[in-house]
Structure formats: structure tokens, C-alpha cells
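*Asks:* 3D, please:
(2 chains)
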2 protein chains.
Amino acid sequence: MPLQLPSILLTQAVDEMSKLPGIGSKTALRLVLHMLRQDETHVTTLAESLVRLRKEVKYCKICHNISDTDVCGICADTRRDASVVCVVENIQDVMAIENTQQFRGLYHVLGGVISPIDGVSPSDLNIQSLVERVDEGNVKEVILALSPTMEGDATNFFIFRKLADKGITISVIARGVAQNDELQYTDEVTLGRSIVNRTPFRN
Amino acid sequence: MPLQLPSILLTQAVDEMSKLPGIGSKTALRLVLHMLRQDETHVTTLAESLVRLRKEVKYCKICHNISDTDVCGICADTRRDASVVCVVENIQDVMAIENTQQFRGLYHVLGGVISPIDGVSPSDLNIQSLVERVDEGNVKEVILALSPTMEGDATNFFIFRKLADKGITISVIARGVAQNDELQYTDEVTLGRSIVNRTPFRN
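*Replies:* Numbers count the residues shown, from 1 in each chain, chains lettered A, B, ... in the order given. As a prediction, the model looks like this:
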């Protein structure tokens, strides 16, 4: 239900804010009224930073991560292993994997997963450029690190078919019980797979 | 902890967004990345509506509610009872009371409550203009409708002292158990007061 606001200017600002995901009209009103209590420079700085980002944003021409330069810091880092490419859905996933400090290869940001229901087809994603990257001949392994969902699995399979005859290793991140999860509360698909895909004990 | 983002432009936008109340850095990143997927016009429209509101916002010169005109729609409505003024903290409270459809008088928006801890003193609030409004002679009753908190009570008392010798009725909104509350879970101050301040039964 739209709020009955006493001003057209206020209504417009609240309407625009509440178009953002997860921001309802009441939250939008709270945020907008907060801005009214701030210095005008605070609001113009916020507005300018959003417009500037939208207008000037660049994506790394190799991995499609957001970058200020043509090639991002990760792709330009010669200490990293350019023969291993980890395929992820979005930039948050790059950040999450970087935080683990367990991966020294490069990334490939798809920009989403195949999802007919949301109108996302393979051509909307950076899949062709992944194939071209592999065709250049330096990539030895592609790690598929998409979400363990139906859409993620479908995308994994689509990419697998595109790369299957390229003579490279194609792997998928391990699925199983999460660290500190309690077995009795783990869903049966995950638990079943974790038994089937058990690994040799290492200590 | 600040996020390690791959772009300065992105970092600036996320920093600015996360200055908003209740928006952490992860939410800010999600919102900003959402904007990157939108048309540029969406983002400029949002930015412009915020800046325009901040620059051009007007407050009703009578009740201090946000308004597009010098006198707001409520104060200008001659069908309303100008002899009763309801004192509220902010514009959301005006909207909440209007929604009840139980009040046909006018409002006076204080812009906050007295709170030494937050550095809000009486002179930061629209209290003097309330006194002047009463001094003009048309107001017969002032209803204090501030939050039932320590700060609200202190503000009620401050306003009461300012208006006590003006020969008008000063009332406070009723406090007691809320509709559909379960008695056993009502706090004891509220429940105690609801007994002391019981009203004659009406059906």
C-alpha cells in the first residue's frame, strides 16, 4: 500500500528509494527523512557517487569483475596462477572466495545463472567469453563455483557441455556438510551426497 | 569491517550508502550492485529526486509538517477543527494518527523530543512556535501525543510548563494495554497504570 505523504517531492523520493530491493515504503520514508536531517552536501555526495558509478563503471575485460582499469587487479597480478579459472556468479562471490585465501587462480564472473523463469538465458551471461578464454590455450582447469541450486546446476551443465571437448580439467566445488553443521539437521540430499562423495581421511 | 572492493568508484558508492541508518556495508553493496544492473536513467532519477527533495523541501509555516506549499494541506483544510492541536514528534506520527481517522484537529510537529544524551535541547525543537500558536488565541486544547518514553515524558512536562498558564486544556493521549495484547505479557508499568487510570465502561 503506498503511503499517503504530504508532499509530492517527498513522495517521489520515497517512491524511487522503495524501488530498491528489500526497501519497502516505510523503510524508504525513514531513509529519506534521515537525509532531510543531514547537510545538503551529504545528500549530493551520495547522489553523485551513485550516478558516477553507474556512468563510469568498468568491467575487467578478462574476468568481467568490476574494476577501475581495463584489466582488474586480480587478473593483472602475475603472482597468481592464470591456468586455473574459477567461474562465479557475481562479484560478491569473488570477494567471498578471496576472503578464504585458499585460491590463487583467476576468476570469471558470469553475471548470473541461467534461469528461464527470470528471463536469464545463456546469452545474457559471460559464457562465450569464458569459452574464448579457454580457446586461447593458457587455461588448464576451470572450477565451477556456482550456487548449489537448480539454476546453478543447469548453468554448470551448460558450461560443461561448452568446454567438455577442450581438453581441460573441469571441476565443481565440493558439496557436503558445512563446517560445524549438526548432522541430524542437515538436509537429506546434502547428507546423502556427502556419504556417496566421501574422500580419503587426511589429518 | 569495511569490505575489500575491487573499484574505488564502487567503494565510494557503497560507503555513502552505508552511512544511511540501518544499511550495513553488505546491504549497501547489494543495493549498489542492483543499481548497476538498472538503466542509467533509473539511477539518475533516484539521485535527482533525493537532491531535489533535500534542496527544495519546505515545511508548513504553521505546523512544520513537510509540505509543497507554505501552509500544508491539513492546516489549510477549513473543515478541520483549528481549536485542537495535536503535538507529535515527527511526520510519521502525523501519518499514523491520520490513518486512524479519529482526529479532525490540526498538528504541531516538534521535530524530535528533548534528549540531552543525543544533544537535543528544547531550542532544537519547534516548541517556541507552539507557544506563539497558542498565544494567537484560537487554540482551545493541546493534545500531547509524544512517545511514552522518558524523553517523551520530559518533553511533555516541558511543554506543559510553557502552556500551563495560557488558560487552555492540555491533555495527553491515553496509555494502557494495547488492543489484542495479552495481559500476562503486558509490562507491569503499563498494566499498573491501566488499572489506576481505568475508565467508565461503555458499550
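*Asks:* From here on, just use CA atoms for contacts and neighbour counts.
*Replies:* Will do.
*Asks:* can you tell me how far residue A:19 sits from residue A:13?
*Replies:* 10 Å (C-alpha to C-alpha, to the nearest Å).
*Asks:* so after the helix or strand residue A:151 falls within, what's the next helix or strand?
*Replies:* Following DSSP states H and E, one finds residue A:151 within helix A:150-163. Next in sequence after helix A:150-163, counting helices and strands by DSSP H and E, comes strand A:169-172.
*Asks:* Strand partners (parallel or antiparallel) of that following strand?
*Replies:* Using DSSP bridges, strand A:169-172 pairs in its sheet with strand A:141-144 (parallel).
*Asks:* what residues does the partner strand touch?
*Replies:* Residues from elsewhere that reach strand A:141-144 (C-alpha atoms under 8 Å, 6 or more residues apart in numbering or on different chains): A:83-88, A:156, A:168-173.
*Asks:* Run the chain-centre distance for stretch A:151-161.
*Replies:* From the chain centre to the centre of stretch A:151-161 is a distance of 16 Å (C-alpha atoms, centre = their mean, to the nearest Å).
*Asks:* where does the longest strand along chain A sit relative to the chain's centre, distance-wise?
*Replies:* Using DSSP state E, we find that the single longest strand of chain A is strand A:81-88. Centre-to-centre, strand A:81-88 and its host chain are 15 Å apart (C-alpha atoms, centre = their mean).
*Asks:* elements contacting it?
*Replies:* Packed against strand A:81-88 by the contact rule (3 or more C-alpha pairs under 8 Å, 6 or more residues apart in numbering or on different chains; DSSP states H and E) you find strand A:105-109, strand A:141-144.
*Asks:* More neighbours: which of residue A:19 and residue A:13?
*Replies:* Set side by side, residue A:19 and residue A:13 show more neighbours around residue A:13, with 25 against 14, by other C-alpha atoms under 10 Å in any protein chain shown.
*Asks:* still on that earlier bit, nearest to residue B:55, out of the helices and strands packed on strand A:81-88?
*Replies:* strand A:105-109 (39.7 Å; C-alpha to C-alpha).
*Asks:* Just the CA trace of the closest one, in CSV.
*Replies:* The C-alpha trace of strand A:105-109 is given here as CSV (Å, rounded to 0.1, in the frame of the first residue of the first chain):
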residue,chain,number,x,y,z
GLY,A,105,44.0,-18.6,-9.6
LEU,A,106,41.9,-16.1,-11.6
TYR,A,107,38.1,-15.7,-11.8
HIS,A,108,35.4,-15.5,-14.4
VAL,A,109,32.3,-13.6,-13.4
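*Asks:* neighbouring strands for that strand, and are they parallel or not?
*Replies:* For strand A:105-109, pairing defined by DSSP bridges yields strand A:81-88 (parallel).
*Asks:* circling back to that earlier point, which parts of the helix holding residue A:151 count as buried, going by neighbours?
*Replies:* Under the neighbour-count criterion of 16 or more other C-alpha atoms under 10 Å in any protein chain shown, helix A:150-163 has A:151, A:152, A:153, A:154, A:155, A:156, A:159, A:163 buried.
*Asks:* how big is the angle separating that helix from strand A:81-88?
*Replies:* Helix A:150-163 and strand A:81-88 are oriented at 140 degrees to each other (axes from the mean of the first three to the mean of the last three C-alpha atoms, to 10 degrees).
*Asks:* So which bits of chain A are right by chain B?
*Replies:* A:4-10, A:12-13, A:16-17, A:20-21, A:31-32, A:34-36, A:40, A:43-55, A:57, A:65-68, A:72-73, A:95 (C-alpha under 8 Å from any C-alpha of the partner chain).
*Asks:* Next one: the closest residue to chain B within chain A relative to residue A:18, how far apart?
*Replies:* Closest residue of chain A to chain B, C-alpha to the nearest C-alpha: residue A:47 (4.5 Å). Distance, residue A:47 to residue A:18, by C-alpha to C-alpha: 16 Å.
*Asks:* And the two? Which one has more around it.
*Replies:* Comparing residue A:47 with residue A:18 by neighbour count (other C-alpha under 10 Å), the higher total belongs to residue A:47, at 23 against 19.
*Asks:* quick one: secondary structure of that one?
*Replies:* Classification of residue A:47 using DSSP: H, G, I helix; E, B strand; the rest coil returns helix.
*Asks:* Geometric centre of chain A: which residue is closest?
*Replies:* When C-alpha atoms, centre = their mean is applied to chain A, the residue found nearest the centroid is residue A:90 (1.6 Å).
*Asks:* OK, contacts around residue A:154?
*Replies:* Neighbours of residue A:154 in contact, by C-alpha under 8 Å, 6+ apart: residue A:114.
*Asks:* how long is stretch A:100-108 end to end?
*Replies:* 17 Å.
*Asks:* So which bits of it are buried?
*Replies:* Within stretch A:100-108, the residues scored as buried using 16+ other C-alpha under 10 Å are A:104, A:105, A:106, A:107, A:108.
*Asks:* Show the contacting residues for the fourth one.
*Replies:* Under the criterion of C-alpha under 8 Å, 6+ apart, the contact partners of residue A:107 comprise A:63, A:75, A:85, A:86, A:87, A:88, A:94.
*Asks:* Which residues belonging to stretch A:132-145 are considered buried?
*Replies:* In stretch A:132-145, counting by 16+ other C-alpha under 10 Å, buried: A:133, A:134, A:139, A:141, A:142, A:143, A:144, A:145.
*Asks:* Please produce JSON lines containing those residues, extended by pLDDT and distance to residue B:79.
*Replies:* Output for those, formatted as JSON lines (pLDDT from 0 to 100; distance: C-alpha to C-alpha, whole Å):
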{"residue": "A:133", "pLDDT": "96", "distance to residue B:79": "72"}
{"residue": "A:134", "pLDDT": "96", "distance to residue B:79": "75"}
{"residue": "A:139", "pLDDT": "96", "distance to residue B:79": "77"}
{"residue": "A:141", "pLDDT": "95", "distance to residue B:79": "76"}
{"residue": "A:142", "pLDDT": "95", "distance to residue B:79": "73"}
{"residue": "A:143", "pLDDT": "95", "distance to residue B:79": "71"}
{"residue": "A:144", "pLDDT": "94", "distance to residue B:79": "68"}
{"residue": "A:145", "pLDDT": "94", "distance to residue B:79": "65"}
